[in-house]
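K.L.:
from the sequence below, what's the structure:
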Amino acid sequence: MKNTLLLSGLLALLATGCQSSSAPDQAVADEPTTDPSAPGQNMMQNNTGMMAQNEQLNHLHDTLSAPGAGPRARAMRLHEAAMNRMEALGTERQRLAAALAKLSAATPAGQRRAARLRRTAAALQQADDQMMAWMHDAREPDSTKVSPAQVAAYWQQQLPVLKEIDQRTTAALDSAKALK
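P.N.:
Numbers count the residues shown, from 1 in each chain. This next block holds a predicted model:
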């Protein structure tokens, strides 16, 4: 879809930028001249502007579609990393629950260990819940109805949320592994 929008924008740019700005219906000379009133001189001015606009479109396309570039790509990498650790969250929760079930909380040391196991299991659950809530609530704007800049702005807003999920997941998993 992004390519279609960029292509249509480029075609519109080419269609409007190739005509002389002073006389759109006038034939354009093939050879540039130094006389600003000569036919075709405005064409050279338009070509310069058109080239600058084309560079902007190419930059926008590169930003939106290049691997690893742009806020959407960064957000998707964070999302995929979090998804790849969802199974580990569940496995660690189960391991901690089994350790808690085997633990004798009759002693003060056992009670402290049980409390730590519960806190760590709760942190694992919170990381899982936060990721699930983000996936449930995330609504990428329809690129056919909003500009590419608005889509990019949406993903830019999502990056801090996904970074927090990543940090919470990492911290919870590290805490669980430390309880071995």
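
K.L.:
could you use CA atoms for every contact and neighbour count after this?
P.N.:
Noted.

K.L.:
where does the protein dip in pLDDT?
P.N.:
1-68 (pLDDT under 70).

K.L.:
cutoff 80 now
P.N.:
1-69, 104-106, 180 (pLDDT under 80).

K.L.:
would you map out the domains in it?
P.N.:
2-65, 71-178 (automatic domain parsing).

K.L.:
how about stretch 69-86 as CSV, C-alpha atoms only?
P.N.:
The C-alpha coordinates for stretch 69-86 follow below in CSV (Å, rounded to 0.1, in the frame of the first residue of the first chain):
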residue,chain,number,x,y,z
ALA,A,69,14.4,2.0,9.5
GLY,A,70,11.5,4.0,10.7
PRO,A,71,9.4,3.8,13.8
ARG,A,72,7.1,0.9,12.6
ALA,A,73,10.1,-1.3,11.8
ARG,A,74,11.6,-0.6,15.2
ALA,A,75,8.2,-1.2,16.9
MET,A,76,7.8,-4.5,15.1
ARG,A,77,11.3,-5.6,16.2
LEU,A,78,10.4,-4.9,19.8
HIS,A,79,7.0,-6.7,19.4
GLU,A,80,8.7,-9.7,17.8
ALA,A,81,11.3,-9.9,20.6
ALA,A,82,8.6,-9.7,23.2
MET,A,83,6.6,-12.4,21.5
ASN,A,84,9.6,-14.7,21.3
ARG,A,85,9.9,-14.5,25.1
MET,A,86,6.2,-15.1,25.9
